[in-house]
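just need the structure, nothing else, for what follows:
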Amino acid sequence: MLRWASSRDLRTWRELSFSSPGVTTPQLVWFNGRLVTFCASATRLAVVELTVGDNGCTGVGAPLPIEIAGESADIQVDPDVVALSDERYRVYYTTSRASNDPAYLATEIHSATWTSGHWVRDAGIRLQGDGIVDPDVIRLNDGTWRMLFTRGLEKEVGSARSADALDFKVEPGTRLNGQVTSTIAVADGYLTAYQTFGGRYNQGLLHLAHSDDGFRFTPDARFTWEEKNVATEAPSIARLHNGTHLLAYVTSASRRPAQGVR
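Okay, the predicted model is just below:
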């Protein structure tokens, strides 16, 4: 179940009253002037449009499927959309050829560019490997690009660098001990939301971390989201025009609202 929450200080969060079933791995992003949540069903990308006013986010639409011209992979999940310098957009996503969890399979990161109102797959492969999933691409201050990604088997976040947002080379080391990052630029660097597994029942926990350069991250002590015996996963964060932060995340469809938030 995809859910949303809002905060003015990144410490105290209010869960919003609406939710969207059947989709996961959300990414909040400003797209063509509107705030939307890109997400995925079991095998395909989707998008949920949000209603945003002066008082924040007030509603969501139904998930709408996304078709990518030229894409034939069986599984297309984990969308991450970035704005390019020429007023175009590019979506990065995980692909695999089987019906099981891509985190345990040979995967490829593909991309597609928004062209004349349609997504068209870019030629080539951005990254590939065993269990490389959840691309999260940011533009760096020098105009180059970095992709954070989850190494699914190791449950850690690695990175890759690119000069053109297409040809990525993996960088050594681990950026974060966790999974499924979603990173935005802020005044003093970058803010990323990510998940770990822990707590009393070893369920998913949500965190924030800050980075000056998009390479070295420091966890933010103001925020940990912990549910009671319920997995909470795949956080994504965005800043609204009124300064409020919005969080998208995934929980069990059966859990009660706003349990264990601190």
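
what's the burial count for residue 76?
When counting by other C-beta atoms under 10 Å, one arrives at 25 neighbours for residue 76. Every residue, glycine included, has its C-beta placed from N, CA and C.

packing partners for the strand or helix carrying it?
Counting by DSSP states H and E, the element that carries residue 76 is strand 75-83. Contacts defined by 3 or more C-beta pairs under 8 Å, 6 or more residues apart in numbering; DSSP states H and E place strand 75-83 against strand 24-31, strand 34-40, strand 45-53, strand 89-96, strand 132-139.

how about a markdown table for these, with mean neighbour count added?
Formatted as a markdown table, the helices and strands packed on strand 75-83 follow (neighbours: other C-beta atoms under 10 Å):
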| stretch | mean neighbour count |
| --- | --- |
| strand 24-31 | 23 |
| strand 34-40 | 22 |
| strand 45-53 | 19 |
| strand 89-96 | 24 |
| strand 132-139 | 24 |
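
same list (those) but as JSON lines, adding mean pLDDT.
Below are the helices and strands packed on strand 75-83 laid out as JSON lines (pLDDT from 0 to 100):
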{"stretch": "strand 24-31", "mean pLDDT": "95"}
{"stretch": "strand 34-40", "mean pLDDT": "95"}
{"stretch": "strand 45-53", "mean pLDDT": "93"}
{"stretch": "strand 89-96", "mean pLDDT": "96"}
{"stretch": "strand 132-139", "mean pLDDT": "96"}
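
reformat those strands as JSON lines; add distance to residue 59.
As requested, the helices and strands packed on strand 75-83 are arranged in JSON lines below (distance: least, C-beta to C-beta, whole Å):
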{"stretch": "strand 24-31", "distance to residue 59": "15"}
{"stretch": "strand 34-40", "distance to residue 59": "12"}
{"stretch": "strand 45-53", "distance to residue 59": "4"}
{"stretch": "strand 89-96", "distance to residue 59": "23"}
{"stretch": "strand 132-139", "distance to residue 59": "26"}
